[in-house]
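Engineer: sequence and predicted structure are below.
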Amino acid sequence: MNKTLSFFFDEILENFNLTSRNDEYYLALDLQLKEYIASSNFVKGGSGEEVFGPFGALNFPYREMGAITSLQLFGLDELIIFAFYWVNKLKYKKIADIGANIGLHSILMSKCNWVVNAYEPDPHHITVMKTNIEENQAENININQMAVSGFNGNAEFTRVLGNTTGSHLTGAKDKPYGDLEKFKVVVKDIQDIMPFSDLIKLDVEGEEANVITSTVSQNWNECDMMAEVGSESNAIAIFNHLSNLRINMFSQKIGWSKVKSLSQIPISYKEGSLFISKRESLPI
């Protein structure tokens, strides 16, 4: 394949409105990207070093997180978000990476010259994240070993051993599967984060409704959010709350158009992300 990662970023930015997961363009580009990643230096045994499109050099060696591996972090939906970061690198300055996992988003955010506060409750992920940050000589990343919800305090956390990317605050998912480990974590209130952030990436594995419905209108005055929505019940709660606050939503599910009805909100990662903002249009 005579393509580089720059090809994929260029395609995404030129055709952002065609990146709904049901669009034929998306499906074709997704197949090409999977082929590229499968033969990249990110695979097991590879150096982990690639020129990551406009972000430049990236060193991100293969890691296993149960049955899931770091290769899944380079899917098309993720590249769409990364492209959004790059094209908006001058619009934002202070970022919260909530659900930072092993640090890929935080590292790329740092390459945009943003000051990043990374929030990740799993100490296993924190250890790998620190290594990845060091290997990339990434600066301006502050690591916070804590979960985020709508309160300050402590809570139980469930680590899903078969897929630690699906670990979550206990109760955020109805039926966690496989072998589980549970332990206490510190929880940070989203309202203590938003005043110090102008962009938030939110990936909290089922806790997103509790996070977003705890916000008030002024929290969104200077803060945008790119969020994953994990269930129909969470979609309903988020849609109703943000509609009442008159906060705009832009959904990958409908080609990043402004949301006008509940059916346009993603109800799982399989339907893409949701951008939340008081802006009248998606900044792309």
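Structural biologist: Perfect, thanks for sending it.
Engineer: my guess is N152 contacts I190. True?
Structural biologist: No: N152 sits out of contact with I190 when judged by CB atoms under 8 Å, with a separation of 10.1 Å. All C-beta atoms are positioned from the backbone trio N, CA, C, and that covers glycine.
Engineer: those two: which has the busier surroundings?
Structural biologist: Each of N152 and I190 had its neighbours counted (other CB atoms under 10 Å), and the higher figure belongs to I190 (27 against 12).
Engineer: does that one touch A147 like I think?
Structural biologist: No: using CB under 8 Å, I190 makes no contact with A147, being 10.7 Å away.
Engineer: name the nearest residue to A118, sequence neighbours excluded.
Structural biologist: Beyond its immediate neighbours in the sequence, the residue positioned closest to A118 (CB to CB, 6 or more residues apart in numbering) is A100, lying 3.9 Å away.
Engineer: before we move on, what SS does that neighbour have?
Structural biologist: Here A100 is recorded as coil under DSSP: H, G, I helix; E, B strand; the rest coil.
Engineer: and it, what does it touch?
Structural biologist: A100 makes contacts with 106, 118-120, 125, 129, 143, as judged by CB atoms under 8 Å, 6 or more residues apart in numbering.
Engineer: those in helices, which ones?
Structural biologist: Secondary structure defined by DSSP state H assigns 106, 125, 129 of the contacts of A100 to helices.
Engineer: for the residues you listed, which one is nearest I236?
Structural biologist: Checking the ones in helices among the contacts of A100 against I236 with CB to CB, the nearest one is H125 at 29.7 Å.
Engineer: if I look at the closest one, how far off is I212?
Structural biologist: As defined by CB to CB, to the nearest Å, H125 lies at a distance of 23 Å from I212.
Engineer: of these two, which one has the most company?
Structural biologist: Regarding H125 and I212, a neighbour count based on other CB under 10 Å identifies I212 as having more, with 26 against 22.
Engineer: for that one, give its distance to S39.
Structural biologist: 39 Å.
Engineer: for L13, same thing?
Structural biologist: Distance of L13 to S39, computed by CB to CB: 23 Å.
Engineer: compare the two (neighbour count), which wins?
Structural biologist: Neighbours around L13 and S39, counted as other CB under 10 Å, are more numerous at L13. The numbers are 16 against 10.
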